[in-house]
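Participant: With the input below, show me the fold.
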Amino acid sequence: MKWKIVSDEDGTDYATVNEELKFENFPLNSVLKAIDQKREGSLTTISLLNKRDIIEMQNEKK
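Facilitator: Numbering: from 1, shown residues only. I've put the predicted structure just below:
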């Protein structure tokens, strides 16, 4: 994945993008929300969900 600046209907922000799979996420926002909401362990959950989604997308592409 590569860092990019992404603009959409919600505004402009940094994202990590896998262009081949058309997959993007917003890790800086995820960290900020986890801190603001005091959600311990949520970053591990987010990471695992991202890995799962990428694997599923790669399998669909085969």
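
Participant: Please make it C-alpha for all contacts and neighbour counts, starting now.
Facilitator: Noted.

Participant: which residue of this protein sits farthest from its center?
Facilitator: residue 62 (22.2 Å; CA atoms, centre = their mean).

Participant: what does the model give that residue for pLDDT?
Facilitator: pLDDT for residue 62: 74.

Participant: in the longest helix along the chain, what's buried?
Facilitator: Scanning the chain for the longest helix, with DSSP state H as the assignment, gives helix 42-61. Across helix 42-61, burial judged by 16 or more other CA atoms under 10 Å covers 42, 43, 54.

Participant: mind putting those in TSV, distance to residue 4 and pLDDT included?
Facilitator: Listed next are the buried residues of helix 42-61 as TSV, based on distance: CA to CA, whole Å; pLDDT from 0 to 100:
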residue	distance to residue 4	pLDDT
42	23	86
43	20	85
54	18	92
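
Participant: Among the residues you listed, which one sits closest to residue 1?
Facilitator: residue 54 (10.5 Å; CA to CA).

Participant: how near is that closest one to residue 34?
Facilitator: Relative to residue 34, residue 54 is positioned 22 Å away (CA to CA, to the nearest Å).

Participant: for residue 20, same thing?
Facilitator: 28 Å.

Participant: More neighbours: which of the two?
Facilitator: Neighbours were tallied for residue 20 and for residue 34 using other CA atoms under 10 Å; the higher tally belongs to residue 34 (15 against 10).

Participant: quick one: contacts for that one?
Facilitator: 40, 42, 43 (CA atoms under 8 Å, 6 or more residues apart in numbering).
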